[in-house]
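Chemist: Give me coordinates for this.
(chains A, B, C and D)
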There are 2 protein chains.
Amino acid sequence: MFMDRNQPDLGAAEWSLPARCAACGVRMASLCGGISAGALEALNRIGRKRVLRRGEALIWQGDIAEQVGILHHGLVKLSASLEDGREQMLGLAFPADFVGAIGDRPSSHCVTALTETELCVFPRSALPGLVEAYPEIGQALLTRAYDELDQLRKWMLLLGRKSAEERVASLLLQFAARGTCSPGAPVALPLTRQQMAELLGLTIETVSRKLTAMKRDGVIALPDLRSFVILDAPALAVLAAETP
Amino acid sequence: MFMDRNQPDLGAAEWSLPARCAACGVRMASLCGGISAGALEALNRIGRKRVLRRGEALIWQGDIAEQVGILHHGLVKLSASLEDGREQMLGLAFPADFVGAIGDRPSSHCVTALTETELCVFPRSALPGLVEAYPEIGQALLTRAYDELDQLRKWMLLLGRKSAEERVASLLLQFAARGTCSPGAPVALPLTRQQMAELLGLTIETVSRKLTAMKRDGVIALPDLRSFVILDAPALAVLAAETP
DNA sequence: CGGTAGGTTGACTAGGATCAACTTTGGTGG
DNA sequence: CCACCAAAGTTGATCCTAGTCAACCTACCG
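Modeler: Predicted coordinates for the structure are as follows:
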């Protein structure tokens, strides 16, 4: 019965929510939040919970992904490597983000957990059929894909044209934008210096030096290794070459 | 009447092809090639031909795009800039490629013609409705979006981790891959040195020097400014750090 | 207490940017 | 057809940013 596909009244459909989805903390923020009860049920049927330990990979570069997933807790990195070991982080996935692709080509990148991570995984092979049956899922994926394209393009500008100092400042601003909105409050820094370097296309030494310089200049404070405080937001925006 | 949505028999539908689409040289390669006759007719109704002169923009960074398009002839660049004028090319669009996005947020990048360009444009505001009415269009866009994500990720690895020489060699290989398949034949180089530099995150001088060096080492020949010949393909692959 | 992973700092180096001069190419009009 | 000019490209000298290598520091853990 596909009746509910024709009346995707999400509010009224709450009663039929699969228990697991009703308890899901990221549902409304994830692509599950914008689809009909029928589509959600179909996803729920084929989805299962999976936990990744720190360092464990969901998808390997060069392999055809067997699973795609929606992040619940934790932090995941996308990264690509050259044969000689050089590695570039391509982005992070936070809770509610979708990771993976629909096509059956070898993946261009790895997906690896940076912390203990919990996600809802689906067999990739089931996706094309689902998108066919529930176009809303395709639309949700499309919106997210365009968002991701925009993010990547912004990052390409950073990698191609920004100086080391601008890169570090940009990263700090990005963490601040996604974290607490209260100015002056410490912002969590979920990456090690090494991981920041991988993400910014720099070395760990350069990241460390630039952070120290910003601290010395009173732009930021570094209360501990995993957080920072913005002391002079306008100055940080200037350092990041972001003053729109 | 949406009858044809339920019987997207593309072969048998040829008879009803809009004249313009029947004459379109890139139709089958573009997203129009994978959709039903009904969807194609709907697209044809709202599409119109547009010509961009060299340097003319279809979409400006920061503006909300009014048009999206499918390229027929010519070459188009996507690029992003910082306030101080530094510019990074984000990619090229070739005939049959789709440019633009569905969302109504300000564009993260410019879309500018590098040569006299002809495309089929559609009002962006009509897209969400079209995707809703013809899910196949959404699926075609989704496939293309994932392809583009993969391309961008590959380019991020180049920008973040490859040396100048590796970048130039990678670009040459990419042009060779999309051009003639006959080894030893000259490959068209559709970009000026300046444009190559913008795309590679380098300066024009560095591009010139690396090309000269490869020529000196007998890896390539440069018969004129707008083409090159691969003399030693394996060596070029090594220089590009691409030996899969 | 020692060991280890993560982080910082310093000295030195090298790759690519910058600045400047010069050459080549291609188009235009006399 | 050639002279001229602007745009594109090349080459050289020099500078500077970020990479490399190495030592050391710090926090945390068994």
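Chemist: residues from chain A in reach of DNA strand D?
Modeler: Applying the criterion C-beta under 7 Å from any atom of the strand, the portion of chain A that neighbours DNA strand D consists of A:163, A:164, A:165, A:201, A:202, A:203, A:205, A:206. Every C-beta, even on glycine, is put in place using the N, C-alpha and C of the backbone.
Chemist: One more pass at 6 Å, please.
Modeler: Proximity of chain A to DNA strand D is assessed by C-beta under 6 Å from any atom of the strand, with A:163, A:164, A:165, A:202, A:203, A:205, A:206 identified as the residues in range.
Chemist: quick one: contacts for the fourth one?
Modeler: With C-beta atoms under 8 Å, 6 or more residues apart in numbering or on different chains as the criterion, the residues that contact residue A:202 are A:164, A:167, A:168, A:196.
Chemist: about what we covered before: just the buried subset of the residues of chain A next to DNA strand D, please.
Modeler: Buried members of the residues of chain A next to DNA strand D, scored by 16 or more other C-beta atoms under 10 Å in any protein chain shown, are A:164, A:165, A:202, A:206.
Chemist: Please tabulate the residues you listed in CSV, including the columns secondary structure.
Modeler: Converted to CSV, these look like this (DSSP: H, G, I helix; E, B strand; the rest coil):
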residue, secondary structure
A:164, helix
A:165, helix
A:202, coil
A:206, helix
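Chemist: Go through those residues and name the one nearest DNA strand C.
Modeler: Proximity to DNA strand C was ranked across these by C-beta to the nearest atom of the strand; first place goes to residue A:206, at 8.1 Å.
Chemist: Just list the residues touching the closest one, thanks.
Modeler: Contacts of residue A:206 were listed using C-beta under 8 Å, 6+ apart, and they are A:164, A:197.
Chemist: How many neighbouring residues does residue A:22 have?
Modeler: A total of 11 residues lie near residue A:22 under the criterion other C-beta atoms under 10 Å in any protein chain shown.
Chemist: backbone phi and psi for it, please?
Modeler: Dihedral pair for residue A:22: phi -60, psi -30, per degrees, to the nearest 10.
Chemist: Contacts for stretch A:62-72 next, please.
Modeler: Residues outside stretch A:62-72 that contact it (C-beta under 8 Å, 6+ apart) are A:24-26, A:30-32, A:49-50, A:58-59, A:93-102, A:104-107, A:111, A:117-125, A:127, B:244.
Chemist: How about stretch A:215-225?
Modeler: Counting by C-beta under 8 Å, 6+ apart, the neighbours of stretch A:215-225 from elsewhere in the structure are A:172, A:186, A:189, A:211, A:214, A:228-232, A:235-236, A:239.
Chemist: rewinding a little: reformat the residues of chain A next to DNA strand D into TSV and put pLDDT next to each item.
Modeler: Below are the residues of chain A next to DNA strand D laid out as TSV (pLDDT from 0 to 100):
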residue	pLDDT
A:163	98
A:164	98
A:165	97
A:202	98
A:203	97
A:205	97
A:206	98
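Chemist: Quick check: the two most widely separated of those?
Modeler: Of all pairs drawn from those, the widest gap by C-beta to C-beta lies between A:163 and A:205 and measures 15.3 Å.
Chemist: Need the residue closest to the centroid of chain A.
Modeler: When C-alpha atoms, centre = their mean is applied to chain A, the residue found nearest the centroid is residue A:93 (1.8 Å).
Chemist: Isn't it up against residue A:111?
Modeler: Yes. Contact criterion C-beta atoms under 8 Å: residue A:93 and residue A:111 qualify, at 7.5 Å.
Chemist: and for those two, which residues touch both?
Modeler: Going by C-beta under 8 Å, 6+ apart, residues that sit against residue A:93 and also against residue A:111 are A:76, A:77, A:78, A:99.
Chemist: how near is the third one to DNA strand C?
Modeler: Here the distance between residue A:78 and DNA strand C works out to 19 Å (C-beta to the nearest atom of the strand, to the nearest Å).
Chemist: What ranges does chain A have for its strands?
Modeler: Counting by DSSP state E, chain A has strands at residues A:48-52, A:57-59, A:67-73, A:76-81, A:87-93, A:98-99, A:110-113, A:117-123, A:187-188, A:220-224, A:227-230.
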